[in-house]
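**Student:** Pasted the sequence and its predicted model underneath.
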Amino acid sequence: MMFILTRLFAFAMDAAVIAFAYFAAIALRFNFGEPMWGWRRVALSYGIVCLIYIAAMILSGCYASAWRRLMLRDVPRYMAAFGASAVILAALRVFLPGSTLALVRFPYSVTVIATVFAFVGVVGARVMWRVWCDSRVRDKELLEREERHFDNSAAARFLVGKTVLVTGAGGTIGSEIVRQVAAAGAKRVILVERCENALYEIDREMRSASCTSSTFLPVMADAGDAGRMDALFAAEKPDVVLHAAACKHVPMVELNPEEGWRNNAEATRSLAKVAAAHGVPRFVLISTDKAVNPVSVMGQTKREAERIIMAMESGATVFCAVRFGNVFGSSGSVVPLFREQISRRQPVTVTHPEMKRYFMTVQEAVSLVLQAASRTEKAIYTLDMGKSVRIVDLAEGMIRQAGFRPYVDIPIVFTGIRPGEKLFEEIDVSEKSCYRTDMAKIYITKT
């Protein structure tokens, strides 16, 4: 029913645009005066003009997708439709008798002007609709909840005036950490990232930001390079280390276990030792729900990273880890993949109809990470992620949000669980698994 209503709305709007284009062309042709055959015949002839334009658009496939999905590659079909319409209207003037069928013999100038106006109006309306719809797309519509906003006063008090080192600073999580740390009033932010382009982008963004007084130091380096990190810590003397650098894509780490172990576990060990040696007051490891009863290589490497920092012995440095689930829209996650598939009108691939995951927006996750960092316990913190979301429900919602019908306009294909994946990730904040803290949504894991 919604599909039918939207298409009827499209026909009505196009008819209105064509009416404006046709009457404007008549007005321009006759210097805004009444044409020789009178406005009554103009009004009657509009029905024929509108029918020709809309029939051409139907045959050209202009109504095959919703307005909001208009792409550059769709414009030629609109050009073809309106070009064909102009040819038909011109042919009517050439081949029909002038006296008996004057109603459908349109002046060539009117045909050209009306066609140009109608094309610009129809395509322009679709472009404006897409821009308006895209500006209103919000994660809460897919997560089926409002984005949460937390009291960050404790984190701000903790970070203000400090030197903060962020590893993986160019990633989805790392870059948001940089933004929020700077907004909290950190004196200096050290951006450690081994990907040159990612480092350039976040450094450029922060240097051009007008809402921060922090200074920034971009460092292109591997966080597991002990010698480089030792020199950096000695020179900059960070007060807080937020270790977000990691290999996080489960299938990729399954295929490259050695690099996953080196980057997730051994690099954490190396960085933690450097931090302890320099007496950094606070070291925070960004962990994952996949470290709970891990079945994947990625989960095992992150669980080992947690064990490493919890076993560290240092008088000055307080170590902690923060576990949470999927960050909505992060690079390598299902959301960008689904968006790409939908934009190309390809089948959306879901591994299993019962696959579920916990999701947070990156702003929510980082806000809670910084709150946890402000605490004083040596602990593994677990963030309350709310209810898990079925991936197939997420896929269906994204297809509808894009203006298509799931399984009709865009199919959903189940490809099977990949090596290392679970049907359900395990984040348990009940009393049997966690202790409640005085900060909402932050729990201390019983280990």
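**Tutor:** All right, it came through fine.

**Student:** any weak-confidence spans in this structure?
**Tutor:** 1-3, 37, 66, 68-69, 97-104, 133-149, 210-211, 447 (pLDDT under 70).

**Student:** does the spatially most central residue of it belong to a helix or a strand, and which?
**Tutor:** The structure's the chain has its C-alpha centroid closest to G329; by CA atoms, centre = their mean the separation is 4.3 Å. Following DSSP states H and E, one finds G329 outside all helices and strands.

**Student:** can you list the domain ranges for the chain.
**Tutor:** Domain ranges of the chain: 2-136, 141-445, per automatic domain parsing.

**Student:** sorry, back to before: I'd say the residue nearest to the centre of the chain and V362 touch.
**Tutor:** Yes. Assessed by CB atoms under 8 Å, G329 is found in contact with V362 at 7.1 Å. All C-beta atoms are positioned from the backbone trio N, CA, C, and that covers glycine.

**Student:** Overlap in contacts, those two.
**Tutor:** Common contacts of G329 and V362 (CB atoms under 8 Å, 6 or more residues apart in numbering): T172.

**Student:** one step back: comparing the domains of the chain, which comes out most buried?
**Tutor:** domain 141-445 (a mean of 19; mean count of other CB atoms under 10 Å).

**Student:** so how far is that one off the chain centroid?
**Tutor:** Offset of domain 141-445 from its chain centre (CA atoms, centre = their mean, to the nearest Å): 16 Å.

**Student:** Helices along the stretch 51-200 of the chain, start to end?
**Tutor:** Taking DSSP state H, counting those that start in this stretch as the test, the helices found in the stretch 51-200 of the chain are 75-95, 108-136, 139-143, 153-159, 172-183, 196-208.

**Student:** Quick one: closest of the ones you listed to H352.
**Tutor:** Counting by CB to CB, H352 lies closest to helix 139-143 out of the helices of the stretch 51-200 of the chain; the figure is 18.9 Å.

**Student:** want to try a markdown table for the helices of the stretch 51-200 of the chain, with distance to D393 as columns?
**Tutor:** Below are the helices of the stretch 51-200 of the chain laid out as a markdown table (distance: least, CB to CB, whole Å):
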| stretch | distance to D393 |
| --- | --- |
| helix 75-95 | 33 |
| helix 108-136 | 20 |
| helix 139-143 | 9 |
| helix 153-159 | 33 |
| helix 172-183 | 22 |
| helix 196-208 | 31 |
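
**Student:** right, and those - which one's nearest L59?
**Tutor:** helix 75-95 (7.4 Å).

**Student:** now the closest one and helix 108-136, what's the angle there?
**Tutor:** Relative orientation of helix 75-95 versus helix 108-136 (axes from the mean of the first three to the mean of the last three CA atoms, to 10 degrees): 160 degrees.

**Student:** Not counting helix 75-95 itself, show me its contacts.
**Tutor:** Contact with helix 75-95 is made by 49, 52-53, 56-57, 59-62, 101, 104-108, 111-112, 115, 118-119, 122-123, as judged by CB under 8 Å, 6+ apart.

**Student:** Stretch 173-181 too?
**Tutor:** Under CB under 8 Å, 6+ apart, the answer for stretch 173-181 is 152, 155, 159, 164, 166-169, 189, 191, 193, 198, 201-202, 205-206, 214, 216, 242, 244-245, 286, 327, 330, 362-363, 365-367, 369-370.

**Student:** For the helix or strand containing A43, name the packing helices and strands.
**Tutor:** Using DSSP H and E, A43 falls within helix 38-59. For helix 38-59, the contact count by 3 or more CB pairs under 8 Å, 6 or more residues apart in numbering; DSSP states H and E identifies helix 2-29, helix 75-95, helix 108-136 as packing neighbours.

**Student:** among those helices, which is nearest D409?
**Tutor:** Going by CB to CB, the one of the helices and strands packed on helix 38-59 nearest D409 is helix 2-29, 8.5 Å.

**Student:** Now find how far off-centre the closest one is within its chain.
**Tutor:** Mean-position distance between helix 2-29 and its chain equals 33 Å (CA atoms, centre = their mean).

**Student:** so it versus helix 108-136, what angle?
**Tutor:** Interaxial angle, helix 2-29 versus helix 108-136 (the same axes, to 10 degrees): 140 degrees.

**Student:** tell me the angle of helix 2-29 relative to helix 38-59?
**Tutor:** Between helix 2-29 and helix 38-59, the angle comes out at 140 degrees (the same axes, to 10 degrees).

**Student:** can you map out the helices along the stretch 201-350 of the chain?
**Tutor:** 226-236, 250-255, 257-261, 267-277, 297-310, 334-343.

**Student:** could you dump the ones you listed to CSV with distance to T6?
**Tutor:** Formatted as CSV, the helices of the stretch 201-350 of the chain follow (distance: least, CB to CB, whole Å):
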stretch, distance to T6
helix 226-236, 56
helix 250-255, 37
helix 257-261, 46
helix 267-277, 51
helix 297-310, 42
helix 334-343, 17
